[in-house]
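*Asks:* Okay, here's the prediction I keep looking at, along with the sequence it came from:
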Amino acid sequence: MNNTLEICNLSCSYSDCPVLEGVTFNLQKGRLASLLGPSGCGKSTLLNVVAGFHELDGGEVWIDGELASSTHANMRPENRNTGMIFQDYALFPHLDVLKNIMFGIQKSSREKATIEANECLQLVRMDGYGARYPHELSGGQQQRVALARALAAKPSLLLMDEPFSNLDGDLRRQLVREIRDLLKERGITAILVTHDQEEAFLFGEEVGLLKSGILQQWGTPEEIYTRPVNR
């Protein structure tokens, strides 16, 4: 089975306070998953462990068949081939849109990076916005630029930490659909963290339910909705 991500019995804490306990799931290449749960249940911590920003206390994280995290090994974040989109988009205010995207293209010449950045802009339907600055864009446009920057680095795994929570309902649903379709077209594996059930079911081909740091259930949206394992 061709898994982009394998998480095996993962446990994690902050200052001896348990945050995640015994989390296990796999995500096949090209699949989209949602992690759904209330605030403080460990969703963002799980993404941070996968990205390499936080060490684990037990278990293993495998990315593309390589051991990324364990109690004995911790691959550096820049070597994991993952992309991350944050809730606040994290765009550089002093750089225009094109330079923001080019920031994620480190190994190409300036000329090639410019071409690739423009291609990413076209991909997210932002042609002609390259010279604008983040403060000149709407929330939805900033989100598309953040996605373009993440995609420019050609990650094998995209991690999305509640990126739509600052948008109003109609725009959020529209953008979730657009980004879901775009990622499927590109064959990119992705995990979306959210506390919104509608958003989780709309985006994810697979959904994981987290509560109090424990993965309660993992399955398709239909399985989660029609055959819940507990209340």
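*Replies:* Nice, I can see it.

*Asks:* which residue packs closest to residue 18, ignoring adjacent ones?
*Replies:* residue 213 (6.0 Å; C-beta to C-beta, 6 or more residues apart in numbering). Just so you know, the C-beta spots here come from the backbone N, C-alpha and C atoms, and that holds for glycine as well.

*Asks:* so the one you found makes contact with residue 10?
*Replies:* No. Using C-beta atoms under 8 Å, residue 213 makes no contact with residue 10, being 10.0 Å away.

*Asks:* quick one: the host helix or strand of residue 101 to chain centroid distance?
*Replies:* Residue 101 belongs to helix 97-102 when assigned by DSSP states H and E. Taking C-alpha atoms, centre = their mean, to the nearest Å, one finds the center of helix 97-102 at 19 Å from the center of the full chain.

*Asks:* Next, count neighbours for residue 204.
*Replies:* 23 (other C-beta atoms under 10 Å).

*Asks:* got a list of what it touches?
*Replies:* 32, 33, 34, 192, 221 (C-beta atoms under 8 Å, 6 or more residues apart in numbering).

*Asks:* Between these, identify the one with the most neighbours.
*Replies:* Highest neighbour count within those: residue 192, with 30 neighbours (other C-beta under 10 Å).

*Asks:* Helix, strand, or coil at that residue?
*Replies:* The three-state assignment at residue 192 reads strand, by DSSP: H, G, I helix; E, B strand; the rest coil.

*Asks:* Look up which residues are beta-bridged to it.
*Replies:* Note on residue 192: beta-bridge partners by DSSP bridges are residue 34, residue 160.

*Asks:* What are the neighbouring residues in contact with it?
*Replies:* Neighbours of residue 192 in contact, by C-beta under 8 Å, 6+ apart: 32, 33, 34, 35, 160, 163, 199, 200, 203, 204.

*Asks:* if we go to 10 Å?
*Replies:* For residue 192, the contacting residues are 32-36, 43, 47, 85, 158-164, 176, 179-180, 183, 199-200, 202-204, 207, by C-beta atoms under 10 Å, 6 or more residues apart in numbering.

*Asks:* Contacts only, for the one residue sitting closest to the centre of the chain.
*Replies:* By C-alpha atoms, centre = their mean, the mean C-alpha position of the chain lies nearest to residue 159, the distance being 1.6 Å. Going by C-beta under 10 Å, 6+ apart, residue 159 touches 5, 35, 44, 46-48, 50-51, 53, 80, 82-86, 150, 189-193.

*Asks:* got a pLDDT number for it?
*Replies:* Note on residue 159: pLDDT of 96.

*Asks:* Determine how far the longest helix seen in the chain lies from the middle of the whole chain.
*Replies:* The single longest helix within the chain, with elements called by DSSP state H, is helix 169-186. Computed by C-alpha atoms, centre = their mean, the chain-centroid distance of helix 169-186 equals 13 Å.

*Asks:* Flag every buried residue along that helix.
*Replies:* 172, 173, 175, 176, 178, 179, 180, 182, 183 (16 or more other C-beta atoms under 10 Å).

*Asks:* Please work out which residues outside that helix touch it.
*Replies:* 30-32, 34, 85, 123-125, 138-140, 143-144, 147, 151, 154, 158, 160, 163-167, 188-190, 192, 194, 196, 198-200, 202-205.

*Asks:* again, only this time at 7 Å
*Replies:* Identification of contacts with helix 169-186 by C-beta atoms under 7 Å, 6 or more residues apart in numbering yields 32, 123, 140, 143, 147, 158, 164, 167, 190, 199, 202, 203.

*Asks:* show me the contacts for the second one.
*Replies:* Spelled out, that is residue 123. With contact taken as C-beta under 7 Å, 6+ apart, residue 123 is in contact with 148, 151, 182.
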